[in-house]
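1. predicted coordinates and the sequence they were generated for:
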Amino acid sequence: MKERLTILGSTGSIGEQTLDIVRENGERFEVSALTAHRNWQRLAEQAIAFEVDTVVIGDERYYKPLSEALSRYPIKVFAGSDSIADVAGATNSDTVVNALVGYSGLMPTAKAIKAHKKIALANKETLVVGGATIIPMAIEHKSPILPIDSEHSAIFQCLMGEHAPLRRLIVTCSGGALRDLPKEALARVTAKQALQHPRWDMGAKITIDSATLVNKGFEVIEAHWLFGTPADKIDVVMHPESIIHSMVEFEDGSIKAQMGEPDMRTPISLALMYPQRAKRDVAPFDFVKNSSLTFREIDREKYPALDIAYDCLRRGGSAAATMNGANEVAVAAFLADECRYLDIVGAIEYAITNADFVEKPSLEDYVEIDRQARALAKSYLKL
Ligand code: NDP
Ligand code: MG
């Protein structure tokens, strides 16, 4: 029998590349359900092409055109964020690929775990916001979480077969679009500039998060929850070529690195096919062409978001959820030209300083923590 996939966020960058992997491995996978937020046209095309059972559109305003587009097909159509969570827990699939962006990914991950699904997780915000709740829940329900994020897939691969204690995880970082810009120029950066990522072609939110290094901070938190590694054993190093996707250093001084051309279909296919690997039509790596792999220290003044994320991880409780909610509002405002680049970190700091701190949040508590963080960021940004 084929493995049945539910792909949450199928119209996004990770969602589309997941469907590429399904296309390449049609004998192994079939798609049960797909979801999108507003792009109902693309969702309808995908649903017809992959002959799915169910589609969900997050924004209810697009239910009507979507149902009309699919009226001649035996495809069930639902709308709303609760329906996205419901489809994540529905019985007609084995594996849930969570390629949603932001906080919207948290509750669907929880529902999928409660339904004992295998989860291929791109939505790092699930763990940034709710790692303390999600990881114990996944252990209790025996629901494996396989990372899609390239750094975490790299660390996962470096740890395969290892039982020895590790000295540290070394998360690599491309430096994002503003890597070569002096700190003094950041005040005038436009969204167009910050969207020019040098190495990866990704959705808009994560591309801005890569420019501010909020993304790298979130990846430190994500690594903590996935691998149980404390903050002081997770380092970040800038590696502009993005060939080494991350490393693990062991107590004997040995270091393992996972390498390859930047292509998210590699970690996506591993998350879906582990412990096997996909056979992909990828050119052999050219070491001579890539003869120089370089590393730089991160300028912590230019990129304050990295240390803010470390602080949130060390504080625990609701701190990182607050950082995430404020960041989502500020990034959306920056993309809409409603605030400046430096206001993103300003809004995060303001929200963290003024939010209530919840020591041991339950899944339900995150709703209010996220709402408060968004309200604080909006008031800081005068939106
Ligand atoms: P995109 O913005 O490209 O896609 C997001 C997807 O989620 C789309 O299908 C979108 O639908 C849907 N969506 C957006 N907002 C909502 C919402 N409020 N409710 C329900 N669905 C929603 O994002 P990416 O694919 O770039 O990123 C997805 C996740 O993967 C993020 O957590 C990101 O950090 C992580 N990731 C991404 C990488 C990449 O290379 N892109 C690399 C590593 C991690 P619609 O199209 O209709 O708007
Ligand atoms: Mg990453």
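-> It's in. Ligands and ions are numbered 1, 2, ... in the order given.
2. number of nearby residues for the closest residue to Lys117 other than its chain neighbours?
-> The shortest distance from Lys117 to any residue that is not its chain neighbour, by CB to CB, 6 or more residues apart in numbering, is 4.9 Å, and that residue is Val96. Heads up, the C-betas are built off the backbone N, CA and C, glycines and all. Val96 is flanked by 28 other residues according to other CB atoms under 10 Å.
3. and Val96, which of the three is it?
-> Recorded secondary structure, Val96: strand (DSSP: H, G, I helix; E, B strand; the rest coil).
4. that one against Pro108, yeah?
-> Yes: counting by CB atoms under 8 Å, Pro108 is a contact partner of Val96 at 7.4 Å.
5. quick revisit: any idea what the residue nearest to Lys117 is bridged to?
-> The residues listed as beta-bridge partners of Val96 by DSSP bridges are Thr6, Ile119.
6. next, the contact list for it, please.
-> Listed by CB atoms under 8 Å, 6 or more residues apart in numbering, the contact partners of Val96 are 5-6, 8, 88, 108-109, 112, 117-120.
7. any chance of the residues you listed in CSV, plus neighbour count?
-> Output for the contacts of Val96, formatted as CSV (neighbours: other CB atoms under 10 Å):
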residue, neighbour count
Leu5, 26
Thr6, 29
Leu8, 30
Ala88, 29
Pro108, 28
Thr109, 29
Ala112, 30
Lys117, 24
Lys118, 20
Ile119, 24
Ala120, 28
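8. out of these, which touch ligand 2?
-> Filtering the contacts of Val96 for neighbours of ligand 2 using CB under 5 Å from the ion leaves an empty set.
9. and the two most separated of the residues you listed?
-> For these, with distances taken as CB to CB, the pair at the greatest spread is Leu5 and Thr109 (15.1 Å).
10. please name the residues that touch the closest residue to Thr212 other than its chain neighbours.
-> Counting by CB to CB, 6+ apart, the nearest residue to Thr212 once its immediate chain neighbours are dropped is Ala305, at 5.0 Å. Shown here is Ala305, whose contacts under the criterion CB under 8 Å, 6+ apart are 212-214, 217, 344-345, 348.
11. helices - which of those residues land there?
-> With helices identified by DSSP state H, the entries of the contacts of Ala305 that belong to them are 212, 214, 217, 344-345, 348.
12. out of those, which comes closest to ligand 1?
-> Nearest to ligand 1 out of these is Val214 (CB to the nearest ligand atom; 10.1 Å).
13. quick check: that closest one touching Phe334?
-> No: under the criterion of CB under 8 Å, Val214 lies out of contact with Phe334, with a separation of 11.4 Å.
14. what touches both of the two?
-> With contacts taken as CB under 8 Å, 6+ apart, the residues that reach both Val214 and Phe334 are 208, 344.
15. which one of these two is surrounded by more residues?
-> Shown here are Val214 and Phe334; by other CB under 10 Å, Val214 has more neighbours (28 against 25).
16. tell me how far the more buried one lies from Asp311.
-> Using CB to CB, to the nearest Å, one obtains 13 Å as the distance from Val214 to Asp311.
17. go on, Lys142?
-> In terms of CB to CB, Lys142 sits 33 Å off from Asp311.
18. again, but for Thr172
-> Here the criterion is CB to CB. By it, Thr172 lies 22 Å from Asp311.
19. compare the two (neighbour count), which wins?
-> When Thr172 and Asp311 are compared for neighbours, Thr172 comes out ahead with 27 against 15, by other CB under 10 Å.
20. neighbours of the residue nearest to the more buried one when sequence neighbours are not counted, just the number please.
-> With CB to CB, 6+ apart as the measure, His239 is the residue that lies nearest to Thr172, at 4.1 Å, once sequence neighbours are left out. Neighbouring residues of His239 were enumerated by other CB under 10 Å; the total is 23.
21. again with Phe357
-> A count of neighbours around Phe357, defined by other CB under 10 Å, yields 13.
22. cool, and Glu3?
-> Applying other CB under 10 Å, we find 15 other residues in the vicinity of Glu3.
23. settle this for me: it is touching Phe29, isn't it.
-> Yes: the criterion here is CB under 8 Å, and Glu3 meets it with Phe29 at 5.3 Å.
24. any residues in contact with both of the two?
-> If you check Glu3 and Phe29 against CB under 8 Å, 6+ apart, the residues they both contact are Leu272.
25. so Glu261 sits in a helix?
-> No: remark: Glu261 does not belong to a helix; assigned using three-state DSSP, it is coil.
26. show the pLDDT at it.
-> The score at Glu261 is 95. That number is its pLDDT.
27. residues contacting it?
-> Taking CB under 8 Å, 6+ apart as the contact definition, Glu261 lies against 243, 282, 285.
28. apply 7 Å and report the result again.
-> Under the criterion of CB atoms under 7 Å, 6 or more residues apart in numbering, the neighbours of Glu261 are Phe285.
29. re earlier: and which of the contacts of Ala305 is nearest Asp299?
-> Closest to Asp299, out of all of the contacts of Ala305 and judged by CB to CB, is Leu213, at 9.7 Å.
30. now do the closest one, the pLDDT please.
-> What the model reports as pLDDT for Leu213 is 98.
31. thank you, goodbye.
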